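Engineer: Predicted coordinates and the sequence they were generated for:
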Amino acid sequence: MDKQINLPVTAKSEWKRFLLLAFVALPVVALLLICTYGFIVWFGQILWWGLPK
């Protein structure tokens, strides 16, 4: 059987997790979403819409 060790969550580990999420994970996700949107618009202009007038 698998034994799980439940470690107590400390305030320090909560802060580390929050800072990692706030300053690393969320900006990376936002950047990926913006790049994806830009790629979709660019590719759509090539295939269907053409250049803006």
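Structural biologist: In hand now; what should we look at? Small disclaimer: the values here were computed from a predicted structure and weren't measured.
Engineer: By mean pLDDT, which helix or strand of the chain comes out lowest?
Structural biologist: Among the helical and strand segments of the chain, the one scoring lowest on mean pLDDT, DSSP states H and E is helix 11-20, with a mean of 91.
Engineer: What ranges in the protein fall below the confidence cut-off?
Structural biologist: Scanning the chain for pLDDT under 70 picks out 1.
Engineer: Select the longest helix from it.
Structural biologist: helix 26-44 (DSSP state H).
Engineer: What residues sit buried inside that helix?
Structural biologist: Across helix 26-44, burial judged by 16 or more other Cβ atoms under 10 Å covers no residue at all. (Each C-beta comes from the backbone N, C-alpha and C, glycine too.)
Engineer: Let me know the angle separating that helix from helix 11-20.
Structural biologist: Angle, helix 26-44 to helix 11-20, by axes from the mean of the first three to the mean of the last three Cα atoms, to 10 degrees: 20 degrees.
Engineer: State the number of residues packed around residue 14.
Structural biologist: 10 (other Cβ atoms under 10 Å).
Engineer: Quickly note the distance from it to residue 23.
Structural biologist: 15 Å (Cβ to Cβ, to the nearest Å).
Engineer: Residue 46 too?
Structural biologist: From residue 46 to residue 23 the distance is 35 Å (Cβ to Cβ).
Engineer: same thing with residue 17?
Structural biologist: In terms of Cβ to Cβ, residue 17 sits 12 Å off from residue 23.
Engineer: got it, and residue 36?
Structural biologist: In terms of Cβ to Cβ, residue 36 sits 21 Å off from residue 23.
Engineer: Equivalent analysis for residue 42, please.
Structural biologist: Per Cβ to Cβ, residue 42 is found 29 Å from residue 23.
Engineer: Over to residue 29?
Structural biologist: From residue 29 to residue 23 the distance is 12 Å (Cβ to Cβ).
Engineer: Then residue 35?
Structural biologist: Distance of residue 35 to residue 23, given as Cβ to Cβ: 19 Å.
Engineer: Identify the residue spatially nearest to residue 51, adjacent ones excluded.
Structural biologist: Spatial nearest neighbour of residue 51, excluding adjacent residues (Cβ to Cβ, 6 or more residues apart in numbering): residue 45 at 6.5 Å.
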